[in-house]
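# okay, here's the prediction I keep looking at, along with the sequence it came from:
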Amino acid sequence: MHDSKTYDVVIAGAGPVGLFLACELRLGGATVLVLEQAEDPRAPLKRLPFGMRGLSAPTIEAFYRRGMLADITHVQPSSDKTASATTTAPHWMNQRRRPGGHFAGIQFLLDNVEPSQWPHRLPSPAGTNMATTMEHIETVLSARAQTAGVEIWRGAGVESFDQSADSVTVRTAGKTFKGRWLVGCDGGRSTVRKAGGFEFTGTEPEFTGYSVEVELADLDKLAIGRQYTATGMYTYQAPGTIAMVDFDGGAFHRTEAVTLEQVQSVLRRVSGTDTTVTNLRLATTWTDRAYQATTYRSGRVLLAGDAAHIHSPLGGQGLNLGLGDAMNLGWKLASVIRGDAPDTLLDSYFAERHPVGSEVLDWSRAQVALMRPSRSSRALEAIIRDLMATRDCATYFAERVWGVSLQYELGGGHPLVGRSAPDFEFTDGTRLGEHLEVGRGVLLDFNADAMMGEVASRWSDQIVYLALGAKNALGLSALLLRPDGVVAWASETKPEAGRAAQAAVRWFGEA
Ligand SMILES: Cc1cc2nc3c(=O)[nH]c(=O)nc-3n(C[C@H](O)[C@H](O)[C@H](O)COP(=O)(O)OP(=O)(O)OC[C@H]3O[C@@H](n4cnc5c(N)ncnc54)[C@H](O)[C@@H]3O)c2cc1C
């Protein structure tokens, strides 16, 4: 069967990245079809405890800038009333000093982090870190996408595709669809990546990781929290939530079903105890395989999220990385589809996001090096632990883990260029974040200069012009922001309309 409609974009995968990208493309005016393999969006692993996802500053800002933060922050009851019956609050909730995050399980403490070292940030309703669940994020994004007019087909896994000079034909088991573009957001084992012949390179795993919910015969044989042992690592949250890594070279992962016997055997080995597992409620495995696509575009086919890069869940960065891809790609692809910008604008998607992905992969590899069951790793861990107790080091790790150090290489200029714009509070009581909800660029002119107004009027379809005073303008006179809130140009001195126009041409095309 053939769907006669041609969509601007077909997205493979209704995970968080595919859904958020769909919302971004719709905001930019594109017609979007999302094809999702799974019939049912609900799954036990998307709920607590294993569905918990830490969100970092760029992700929280993205939700804030699209008017979704309240929905994401709002805690909804789980759709599964039996889920997590054995789960209590995370072990670190009982600590007197609250952790702000961790590196290989070594915590940095919130009261050690020095935000004054980030002069480019202003206080904002979008904080630097929070946690939610996969189920909740997908529910919010799916509702937003459908309200905006995105079509989502579930039970429609992409099997293959062909591309021509102006379209892509996408095949599922029962039906064929056509799009002007195809984006693979179909996760780590991406069919789009494989069928598209994208090169995928990286490092092989050192371990199999297990996340299990169990019932134990004896609750006091395992120590609470993260434990490094002579044979591996485990994290225990009473009464039965356990994560553990077994340095088997990744040999067990996906080779056979995870059984109670296997879990008990690995748990005994890595914990060095004779603990007995009486019931296995839920189990999943993962590895530290770290691979990345060497290009994110092949003609009319693009990759985003786990389809473009995979790494271990250590330090919780993959979702944030993928949502960052979507925020970066969405407005660019929509501009190209509208004909506002040449398709070379898409080159900046790879140029900006590939290095960020590469850094995250290395961040996860560095944690593996600290976790190995070896004397040298334990010695290194002790040194990092000492360093982490200092304010400078805690601030450095917070910067990396919360993503506040993110800066794209956009060719120099003001130190703010390439960074997320500070959330200015204007004299009319509004904040910058609210003005970004429409998904357009913003020309911020703190001095209401007539020449700047002239620049903005040339790109009035793509740019919102804000000639407003700010309570704290950080010494700036004007800024040009891309729709993703990234500073494209900034000036401290009298407005330089010519430079602002040059920056606008670069990002929004010839007016
Ligand atoms: C235990 C664990 C803890 C984690 N914790 C964190 C954390 O705290 N913070 C963080 O940032 N990240 C975390 N991650 C990583 C994060 O979950 C992933 O990086 C994120 O889900 C990637 O989103 P995605 O949309 O790219 O892919 P996925 O979430 O994998 O979604 C892909 C979608 O595509 C669908 N699909 C697959 N094949 C096809 C096909 N052929 N056609 C159509 N649809 C298809 C799938 O069914 C799925 O719905 C964790 C991961 C794990 C395993």
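Cool, got the structure.
# any idea how far apart the tips of stretch 478-498 sit?
Across stretch 478-498, the terminal residues are separated by 12 Å (C-alpha to C-alpha, to the nearest Å).
# what do you get for stretch 44-52?
Start-to-end, stretch 44-52 (C-alpha to C-alpha) is 11 Å.
# where along the protein do the helices fall?
Under the criterion DSSP state H, the chain contains helices at 16-27, 57-65, 69-73, 134-148, 191-195, 260-271, 318-338, 347-371, 375-388, 391-402, 432-435, 450-458, 497-508.
# need the winner for burial among these.
helix 16-27 (a mean of 28; mean count of other C-beta atoms under 10 Å). From N, CA and C alone the C-beta is placed, and that goes for glycine too.
# write out the residues of the stretch 301-450 of the chain neighbouring the ligand.
G305, D306, P313, G316, Q317, G318, L319, N320, G322 (C-beta under 6 Å from any ligand atom).
# okay, who's weakest in those by pLDDT?
Across these, the smallest pLDDT goes to G316, namely 81.
# you'd agree that residue is up against G51?
No - the pair formed by G316 and G51 falls short of the contact definition of C-beta atoms under 8 Å, at 11.9 Å.
# which residues of the stretch 101-250 of the chain lie near the ligand?
Residues of the stretch 101-250 of the chain lying near the ligand (C-beta under 6 Å from any ligand atom): G157, V158, C185, D186, G187, T191, S211.
# most neighbours among those residues, please name it.
Within those, most neighbours by other C-beta atoms under 10 Å means C185, with 31 neighbours.
# H354 and D288, how far apart?
Per C-beta to C-beta, to the nearest Å, H354 is found 20 Å from D288.
# look up how far the ligand lies from the nearest residue to A334 once chain neighbours are set aside.
Among residues not flanking A334 along the chain, G28 sits closest, at 2.3 Å (C-beta to C-beta, 6 or more residues apart in numbering). As judged by C-beta to the nearest ligand atom, to the nearest Å, G28 and the ligand stand 19 Å apart.
# tell me the contacts of G28?
Under the criterion of C-beta atoms under 8 Å, 6 or more residues apart in numbering, the neighbours of G28 are G330, W331, L333, A334, S335, I337, R338, G439, P483.
# excluding chain neighbours, what is closest to the second one?
So that's W331. W331's closest residue in space is P483 (C-beta to C-beta, 6+ apart), at 3.9 Å.
# now for the spatially closest residue to E409 that is not a sequence neighbour: which residues touch it?
Setting aside the residues directly before and after it, E409 is nearest to G418 in space (C-beta to C-beta, 6+ apart), at 6.3 Å. Residues in contact with G418 (C-beta under 8 Å, 6+ apart) are Q407, Y408, E409, L410, V486, V487.
# confidence score at G418?
97.
# do the same with G411
At G411, pLDDT is 87.
# again, but for E454
94.
# got the contact list for the closest residue to the ligand within the stretch 51-200 of the chain?
Closest contact between the stretch 51-200 of the chain and the ligand, by C-beta to the nearest ligand atom, is at G187 (2.9 Å). G187 makes contacts with G13, G15, G305, D306, A307, as judged by C-beta under 8 Å, 6+ apart.
# for these, which PyMOL command selects only the ones that are buried?
Remark: buried members of the contacts of G187, expressed as a PyMOL selection using 16 or more other C-beta atoms under 10 Å:
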select buried, resi 13+15+305+306+307
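# R506 touches A488, doesn't it?
Yes - checked against C-beta under 8 Å, the pair R506 and A488 is within contact range at 7.2 Å.
# returning to that earlier point: among the helices of the chain, which is nearest D166?
Proximity to D166 (C-beta to C-beta) singles out helix 318-338 among the helices of the chain, at 11.9 Å.
# any regions of the stretch 301-450 of the chain where pLDDT drops low?
For the stretch 301-450 of the chain, applying pLDDT under 70 flags no range at all.
# of the contacts of G28, just say which sits nearest to D220.
The closest of these, once distances to D220 are taken by C-beta to C-beta, is G330, at 50.4 Å.
# what sits against the closest one?
Taking C-beta under 8 Å, 6+ apart, one finds F20, L21, C23, E24, L25, L27, G28, D484 in contact with G330.
# surely the last one is in contact with A326?
No - under the criterion of C-beta under 8 Å, D484 is not in contact with A326, lying 9.7 Å apart.
# rewinding a little: residues contacting the residue nearest to W331?
For P483, the contacting residues are G28, W331, L436, G439, R440, G441, by C-beta under 8 Å, 6+ apart.
# just give me the neighbour total for the fifth one.
Okay, so that is R440. With other C-beta under 10 Å as criterion, R440 counts 20.
# for it, phi and psi?
phi -110, psi 170 (degrees, to the nearest 10).
# check whether it really touches W459, as I assumed.
No - under the criterion of C-beta under 8 Å, R440 is not in contact with W459, lying 9.2 Å apart.
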